[in-house]
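J.: I would like the atomic coordinates for the input below:
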Amino acid sequence: MRVFLIGAACVVSCAGPAFAQGQRAYVNVGGGVATSADATSGDVLGGAGVARLTPAAAFIYSSGTLQGTTPALGDDVTAQLVSLGAFTQPAPTNAFMFTIGGGVQMPIAPRVSVDVGYRVSRIEADTPINAHSVVAGIGYRF
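T.: As a prediction, the model looks like this:
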């Protein structure tokens, strides 16, 4: 007898400040299909949220003239460029982000299975940020 299984989960979590970033929210939705407990099964992943972007720039002196100062080679001159009005640090912003992916889980022994998947994430900023990942794992059922 074949068992048909569909699973879905929705997780909403909020994380506090970490790594000098503001609060973040993350929503994750996933699901899977299996024809039986001992057969190959697939899963899908989808997530959406808001990313907090806090860009920062640092300028290191290599040559040329800088009004009012003579920095040494390799000095950080970001503060001088900001005070001269030649550069303005970008303000922190929020941007929409999403993740999609999928994978398969294949049994290789009576209680052992291998899981392989692919995920792509994108942050819709002024300059979009893309991340691709291949994930793999081994599972053991008790």
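
J.: okay, the residue of the chain positioned farthest from its centre: pLDDT?
T.: Within the chain, residue 68 marks the point farthest from the mean C-alpha position, 42.1 Å out by Cα atoms, centre = their mean. Looking at residue 68, its pLDDT stands at 76.

J.: same question, the one 4 residues further on
T.: pLDDT, the model's per-residue confidence, is 89 for residue 72.

J.: residues touching the residue farthest from the centre of the chain, list them.
T.: By Cβ atoms under 8 Å, 6 or more residues apart in numbering, the contact set of residue 68 is 80, 84. No exception for glycine: its C-beta is placed from N, CA and C like everyone else's.

J.: how much space separates it from residue 113?
T.: 66 Å (Cβ to Cβ, to the nearest Å).

J.: in the chain, which strand has the most residues?
T.: Secondary structure of the chain per DSSP state E: the longest strand is strand 93-109.

J.: for that strand, packing partners?
T.: strand 41-53, strand 112-123 (3 or more Cβ pairs under 8 Å, 6 or more residues apart in numbering; DSSP states H and E).
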